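[1] take a look and give me a structure for this.
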Amino acid sequence: MDGVNIAHLAVDRHAAGPSADQDAVRFVDRAGGVTALTYGELARETNRFANLLRTLGVRDGESVFTLTARLPVLHTAVLGTLKAGAVSCPLSPMFGPEPVRERLVRGDAVVLVTTAPLLRRTVARVLDAVPSLRHVLVAGDWEGRGVGGPRVTEISGALAAEPDTFTIGPTSAEDPALLHFTSGTTGPPKAAVHVHGAAAAHQASAELVFGLGPGDVFWCTAEPGWVTGTSYGIIAPLACRATSVVDMCEFDASRWYAVLEQQRVNVWYTSPTAIRMLMRAGDDLAHQFDLSSLRCIASVGEPLAPECVHWGERALGRPVRDTWWQTETGAIMIGNPPSSRLKPGSMGRPLPGITAAVLRCGDDGRAQVRDASASPAAPGEEGELALRPGWPSMFRAYLHDEAAYRACFVGGWYLTGDIARQDGDGYFWFVGRADDMIKSAGHFVGPFEVERVLTAHPAVAEAAAVGAPDPVAGEVVTAFVTLRDGYSPSDELRRELIAWGRTRLGAAVAPRRITFDDRLPHTTSGKIVRRSLRERQASR
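    Numbers count the residues shown, from 1 in each chain. Next up, the predicted model:
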């Protein structure tokens, strides 16, 4: 092989040496049984898939989509696609037919790998609306009962017919490898293109931020259809020659603790949403399990509130360490490595090689950058978080949207769209998305600041703050609140929460309205969709 290929770095180089018999991935099924693939076995299975793509006539740079749950076929398809020089694009199995159709069309899909239930429930309804799609490979109990016609092939038989050796062609560090769609919390999702060279950032960031190394047991709980599920659920642990744990079931607090205990997980990468759900289950449940193997717990996806950090130390024996990155950055940019001093509520500091700054914003709430000049914010001052481009996992394009891509880069900076502040020690603190900022009576209010204070109240499990139109102030802060078990909505509690907010935030920032809601809208990756909450308000 010439150049760089993610699958070679993650699998083949280990399979060719003394680690061939080490477990690469362990899949934990519903009954707690474990199916393991060694590095050698994973190399052979991904070789078969790469050969299958060649048999189907898939060319370099064409898009192969996966729409599956946490199954072995996902690893086989993603890594086999990369070996074949095609572009891998995982989709969330939680998507309905329209989000799937939209992404298949926008991503020029030529092959889709899915399961029999998803074929019947989701894919069959959109097959005829994706003209580029030539083949559907289906895993599971499927007998071709009138679904999809000749384009649909059962995958296990097709793979068995292919040889288990494959020579990776000449791929370079700049060749497209991954296509990740943004979560679309503030607008339509965009398709970010990443290259094979991104694997260098995946491995380095996992080593730096998690202390991950050969022989470690690593569990990333991220949904397989999102960038975290690929970058850190698949690529990073394999590149580090660790053993990756995959739980094939959905969240259950007791089950998750059992997986941590039984698999002797050393490094656990999860989300603030999951941490909050574990907190709701109580400290006593956590103390029933032996979690002594845990060396590092980290989170991603949303800002991590200080009480989550402290709870981890109290209930799990380790503080939860926040990390910050985006679909567009491809890998962790800012974090809290185990060796660093932890400031609860902070995103941490930039990784070595990453230059980050907070730039002053104008009246529109975005950084004011003209040509090569920008005004850095003072310590403690809020502004837009910006990065100097050039790291290996930086996205190279928004597919079919060059204008949107160019708009992200101004004056030598990548503008993240996140509002943050930096303290005198160089730690960054998340304030909110620029799109989500609330402008009330001349003040910019970050929703996370409000949400963090509300969730510190013993009655509140989760909160989301948005701006509500107001004829005098322009917008007023309103919060949607989900209560913890044992608490019920009441006018008295509403007044108590408003007073709680005013005491801690001041009248200009505190929510003036509280709405109790036990079903806050989330993306399938767990992020609160504030746009939906604003739409709810507008319809009232």
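[2] any low-confidence regions in the stretch 1-150 of the chain?
    Within the stretch 1-150 of the chain, the ranges that satisfy pLDDT under 70 run 1-2, 142-150.
[3] mind listing the strands for it?
    In the stretch 1-150 of the chain, the strands defined using DSSP state E, counting those that start in this stretch lie at 23-28, 34-38, 63-67, 87-91, 109-115, 135-139.
[4] what lines up beside the fifth one in the sheet?
    I take that to be strand 109-115. The strands beside strand 109-115 in its sheet (DSSP bridges) come out as strand 63-67 (parallel), strand 135-139 (parallel).
[5] which stretch among those comes nearest Gly417?
    Of all those, strand 63-67 sits nearest to Gly417, with 25.8 Å by C-beta to C-beta. C-beta coordinates here come from the backbone N, C-alpha and C atoms, glycine included.
[6] and that closest one with strand 87-91, angle?
    20 degrees (axes from the mean of the first three to the mean of the last three C-alpha atoms, to 10 degrees).
[7] and strand 63-67, C-alpha only, in CSV?
    What follows is strand 63-67, C-alpha atoms only, in CSV (Å, rounded to 0.1, in the frame of the first residue of the first chain):
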residue,chain,number,x,y,z
SER,A,63,-20.1,6.7,-1.2
VAL,A,64,-21.0,3.6,0.8
PHE,A,65,-23.6,4.3,3.5
THR,A,66,-24.3,2.2,6.6
LEU,A,67,-27.7,2.2,8.4
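[8] could you list the domains of the protein?
    Here the domain parsing of the chain from automatic domain parsing is 6-19+37-193, 355-436, 438-538.
[9] among those, which is nearest Phe251?
    The minimum distance between Phe251 and these falls on domain 438-538, with 10.1 Å, by C-beta to C-beta.
[10] how about Ala463: what's its closest non-neighbour residue?
    Leu454 (4.0 Å; C-beta to C-beta, 6 or more residues apart in numbering).
[11] what about the helices in the stretch 51-200 of the chain?
    For the stretch 51-200 of the chain, helices defined by DSSP state H, counting those that start in this stretch occupy the ranges 72-83, 97-106, 116-121, 155-160, 199-205.
[12] Pro337: which of those helices is closest?
    For these, proximity to Pro337 was assessed by C-beta to C-beta; helix 199-205 is nearest, at 9.8 Å.
[13] which residues touch the closest one?
    4, 6, 9-10, 231-232, 235-236, 239-240, 330-332, 335, 351, 391-393 (C-beta atoms under 8 Å, 6 or more residues apart in numbering).
[14] any chance you could give me it in PDB, C-alpha atoms only?
    C-alpha atoms of helix 199-205 as PDB (Å, rounded to 0.1, in the frame of the first residue of the first chain):
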ATOM      1  CA  ALA A 199      -6.600   9.000  11.600                       C
ATOM      2  CA  ALA A 200      -3.500  10.800  12.900                       C
ATOM      3  CA  ALA A 201      -5.700  13.100  14.900                       C
ATOM      4  CA  HIS A 202      -8.000  10.300  16.100                       C
ATOM      5  CA  GLN A 203      -5.100   8.300  17.500                       C
ATOM      6  CA  ALA A 204      -3.100  11.300  18.900                       C
ATOM      7  CA  SER A 205      -6.100  12.800  20.600                       C
END
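[15] give me the mean pLDDT for the helix or strand just after it.
    Sequence order places strand 217-220 as the next helix or strand after helix 199-205, per DSSP states H and E. Strand 217-220 comes out with an average pLDDT of 98.
[16] partner strands of strand 217-220 and their direction?
    In the sheet, strand 217-220 lines up against strand 243-247 (parallel), strand 267-270 (parallel) (DSSP bridges).
[17] residues in contact with Arg452?
    With C-beta under 8 Å, 6+ apart, Arg452 has these contacts: Pro303, Ala305, Pro306, Gly345.
[18] for the residue nearest to the second one when sequence neighbours are not counted, which three-state class applies?
    Across the structure, with C-beta to C-beta, 6+ apart as the measure, the residue nearest Ala305 apart from its sequence neighbours is Arg452 (4.9 Å). In the three-state summary, Arg452 is assigned as helix, counting by DSSP: H, G, I helix; E, B strand; the rest coil.
[19] re the thing from before, export the domains of the chain to CSV and tack on distance to Trp256?
    Compiled in CSV, the domains of the chain are given as follows (distance: least, C-beta to C-beta, whole Å):
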stretch, distance to Trp256
domain 6-19+37-193, 13
domain 355-436, 25
domain 438-538, 14
